[in-house]
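**Student:** what follows is a protein structure lacking sequence information:
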């Protein structure tokens, strides 16, 4: 498998513009996560989906952020309008909940990230 | 909610030296995940621990989960420049219904000087 695929890898935009980040999870995985990473706040979970349904979006900063998962192989994270404080690396991750003998295992596999700079 | 604290926050060692990174939880750990991140790249899964006292190794990296399942350590033997990066621990929060969700520590930045 190619792993989690994210696009674009880098995005530079101006304040006020719409930004759309894309993610293709690993085939067969039923969980998809969107994270944001900054030096100040570290790795923050924004939202996650299970079987294409949003489960927890409490980490989404504000209404300017929205995420969709129209099918099992594609998700988008949209920022509209973008602001300089949104500059960060955005990661997508996917996992498969496996009930092993030691208990549930939910190893997440991360994409390479999208480095966003809002000027 | 689960909180994870990693120590130290950063570490600089000479190549060949051993080192240990700790991850302490505010709650019982039901699953503890170790990841490594190189600058500009995504997180790479290293190991996962579930049982108290469990220990796993991969090449020169060994991770342990203590018997009380509230602390994990990551030990690197004879460090190499290729070990440099950010190490993050992540844990499952079984207190709620958040299957699939991990909480991460703030990360430990490791620098290995040749």
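**Tutor:** It's in. In this text the structure is predicted, and so the values were computed from the model without any measurement.
**Student:** return the list of strands paired to the lowest-mean-pLDDT helix or strand in chain B, each annotated with direction.
**Tutor:** For chain B, counting by mean pLDDT, DSSP states H and E, strand B:102-104 ranks last in confidence among helices and strands (a mean of 88). Partners of strand B:102-104 in the sheet, by DSSP bridges, are strand B:85-92 (antiparallel).
**Student:** that older thread, name the residues of the least confident helix or strand of chain B that come out as buried.
**Tutor:** B:102, B:103, B:104 (16 or more other Cβ atoms under 10 Å in any protein chain shown). (Glycine included, C-beta is placed from N, CA and C.)
**Student:** okay, which residue is most central for chain A?
**Tutor:** residue A:34 (2.2 Å; Cα atoms, centre = their mean).
**Student:** strands paired with the helix or strand hosting that one, and their directions?
**Tutor:** Assigned by DSSP states H and E, residue A:34 falls within strand A:31-38. Strand A:31-38 pairs in its sheet with strand A:42-50 (antiparallel), strand A:88-95 (antiparallel), by DSSP bridges.
**Student:** mean pLDDT lowest where, among those strands?
**Tutor:** Of all the strands paired with strand A:31-38, mean pLDDT reaches its minimum on strand A:42-50 (a mean of 92).
**Student:** quick check: buried residues in that one?
**Tutor:** So strand A:42-50, judged by 16+ other Cβ under 10 Å, has buried residues A:42, A:43, A:45, A:46, A:47, A:48, A:49, A:50.
**Student:** and stretch B:21-39, by the same measure?
**Tutor:** For stretch B:21-39, a neighbour-count test (16+ other Cβ under 10 Å) marks B:21-25, B:27, B:29-37 as buried.
**Student:** chain A: which of the buried residues of strand B:102-104 is nearest?
**Tutor:** Within the buried residues of strand B:102-104, the smallest distance to chain A is 4.7 Å, found for residue B:104 (Cβ to the nearest Cβ).
**Student:** was I right to think that closest one contacts residue A:42?
**Tutor:** Yes. Residue B:104 lies in contact with residue A:42 (Cβ atoms under 8 Å); the separation is 7.0 Å.
**Student:** now do the shared contacts for those two.
**Tutor:** Common neighbours of residue B:104 and residue A:42, counting by Cβ atoms under 8 Å, 6 or more residues apart in numbering or on different chains, are absent.
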